[in-house]
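K.L.:
Quick one: sequence and predicted model below, then my questions.
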Amino acid sequence: MKAALTAPLRHQNFRWLLGGRTFAELGNAIAPVALAFAVLDLTGSVVDLGIVVGARSLANVILLLFGGVLADRLPRAVILQGTALAAGVTQALIALSVLTGFASIPLLIGLSVLNGAVAALSLPAAAALTPQAVPAELLAQGNALARLCSNTGRIVGAAVGGLLAGLVGPGWAIMVNAVVFVLAMVGYRGVRLPRTTAGETSSPLRDLIDGWREFVARRWVWIVVLQFMVFNAVFVGGTVVLGAAVADDTIGRAAWGFVLAAETAGAFVGGILVARWQPRHLLRIGVAVTAAGALPLVVLAEVPLVVPLLAAMFLAGIALEVFVVAWDVSLQENVPPDKLARVYSYDMVGSYIAMPVGEVAAGPIAARFGMENTLLAGGVLIVLATALALGSREVRKLTRKDLLAEPA
């Protein structure tokens, strides 16, 4: 008999972790929406917007491997406390610069780089902490519940970010984001877990080499990471950069906030689905459904209206959430716990490395080939990358280790 979705809540450490992650995701959802409109208000340039958000992503990618080493050496909850506080400080500085009229593109780039660096140190720790907070038999439910609560934060955050940016300006939206990060820090302070280390006597270089060996030892891992190099570059460039520009000319900023919230609403539904339905070949299904990420790009290109965009983003959210839970469970079941954060860091570097390129390149490519053609070509690339990943036998055949998983 399968455990209930709420079963992980019996564990105190998981409850505190859940609270911290939910507030962190709430803050993270407000920031991109508000920052995008802050840049557009400042210069009106899609190219400038791409540079600002791309700078954050670049800093994130560069420091992710270091974040993975730290997360396998130091208490992960402590890392999350410090990074949540630092994120709050950097966001408060961005908000003050916007509210006081001192904001400039170089300043926003610098503060975005700091914020991306802080996030890089937190991401591997957050990803690797869940299997420490719940028993192995509740791993799927714990991941699904964590994602459900995180996506609730994203739903509220995206909507609030768009509404605040439209009603009182992006500066106040970013200030709210800073306060929420402080609440995330409070949640992480309640987590009390024994630390997992990679061995105090090993060097950081040796840690990275060991993590790389674990990463490349599994063909299905690096194939899916390559898929998401393409997916993330195209999807983020198409929605964060081009999507905001299309929305400014069509449905408006407040409506765009709700469109982004629809994606996370879909993710909420996808989390419930994958928690209750756990097929034997979970990774295969998770990879396959990511093709739905092409839908929002096609709709932005052809029918940029509120209802079609809400529907497309909702379906994409369901698909992406099924994949994320499938991916997390697959890694957590197959990678040794003391190397998990480092494998996650290589995964994140590989998955995110093309994001700054996509963000920075989206504006110039759209200017050269047209907004519609650029968005449609992005949809084709997402479908093609998904098909190539499914061509791998290792991806298609990986099975759940949980003996309670039902056959597909």
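P.N.:
That came through fine.

K.L.:
I'd like to know which elements the strand or helix carrying Ser112 is packed against.
P.N.:
Applying DSSP states H and E as the criterion places Ser112 in helix 105-133. Contact partners of helix 105-133 among helices and strands, from 3 or more Cβ pairs under 8 Å, 6 or more residues apart in numbering; DSSP states H and E: helix 12-43, helix 46-73, helix 76-99, helix 139-167, helix 306-334, helix 340-352. Using the backbone N, CA and C atoms, a C-beta is placed for each residue, glycine as well.

K.L.:
Gly116 is nearest to which of those helices?
P.N.:
Taking Cβ to Cβ, helix 46-73 is the member of the helices and strands packed on helix 105-133 nearest to Gly116, at 3.5 Å.

K.L.:
Next, the angle from the closest one to helix 12-43.
P.N.:
With axes from the mean of the first three to the mean of the last three Cα atoms, to 10 degrees defining the directions, helix 46-73 sits at 160 degrees from helix 12-43.

K.L.:
Helix 76-99 and helix 46-73, what's the angle between them?
P.N.:
With the same axes, to 10 degrees as the criterion, the two stretches helix 46-73 and helix 76-99 enclose an angle of 160 degrees.

K.L.:
So for helix 46-73, mean pLDDT?
P.N.:
When pLDDT is averaged along helix 46-73, the result is 76.

K.L.:
and Leu18, how many residues sit next to it?
P.N.:
When neighbours are defined as other Cβ atoms under 10 Å, Leu18 has 23 of them.

K.L.:
got it, and Leu310?
P.N.:
21.

K.L.:
Show the pLDDT at it.
P.N.:
93.

K.L.:
Quick check on the closest residue to it other than its chain neighbours: phi, psi?
P.N.:
Counting by Cβ to Cβ, 6 or more residues apart in numbering, the nearest residue to Leu310 once its immediate chain neighbours are dropped is Ala262, at 4.5 Å. Reported as degrees, to the nearest 10, the phi and psi values for Ala262 are phi -60, psi -30.

K.L.:
Do you know the pLDDT at Ala262?
P.N.:
Turning to Ala262, the model gives it a pLDDT of 88.

K.L.:
Show the contacting residues for it.
P.N.:
With contact taken as Cβ atoms under 8 Å, 6 or more residues apart in numbering, Ala262 is in contact with Leu309, Leu310, Ala311, Met313, Phe314, Gly317.

K.L.:
Per-residue confidence at Ala173, what does it come out as?
P.N.:
Ala173 is given a pLDDT of 85.

K.L.:
That one is in contact with Ala29, isn't it?
P.N.:
No. If you go by Cβ atoms under 8 Å, Ala173 and Ala29 don't touch, sitting 10.6 Å apart.

K.L.:
residue contacts, the closest residue to Asp328 other than its chain neighbours?
P.N.:
Counting by Cβ to Cβ, 6+ apart, Asp328 lies nearest to Asn143, which is 4.8 Å off, once chain neighbours are set aside. Neighbour list for Asn143: Thr130, Val325, Asp328, Val329, Gln332 [criterion: Cβ under 8 Å, 6+ apart].

K.L.:
For the first one, list the residues it contacts.
P.N.:
Spelled out, that is Thr130. Phe14, Leu17, Leu139, Gly142, Asn143, Ala146, Asp328, Gln332.

K.L.:
What ranges in the stretch 1-150 of the chain fall below the confidence cut-off?
P.N.:
Of all residues in the stretch 1-150 of the chain, those with pLDDT under 70 make up the ranges 1-5.

K.L.:
measure Ala140 to Arg400 for me?
P.N.:
Separation of Ala140 from Arg400 (Cβ to Cβ, to the nearest Å): 8 Å.

K.L.:
sorry, that was for Ser351
P.N.:
According to Cβ to Cβ, Ser351 and Arg400 sit 22 Å apart.

K.L.:
Flag the shaky bits of the stretch 201-350 of the chain, pLDDT-wise.
P.N.:
Along the stretch 201-350 of the chain, the model assigns pLDDT under 70 to residues 201-204.
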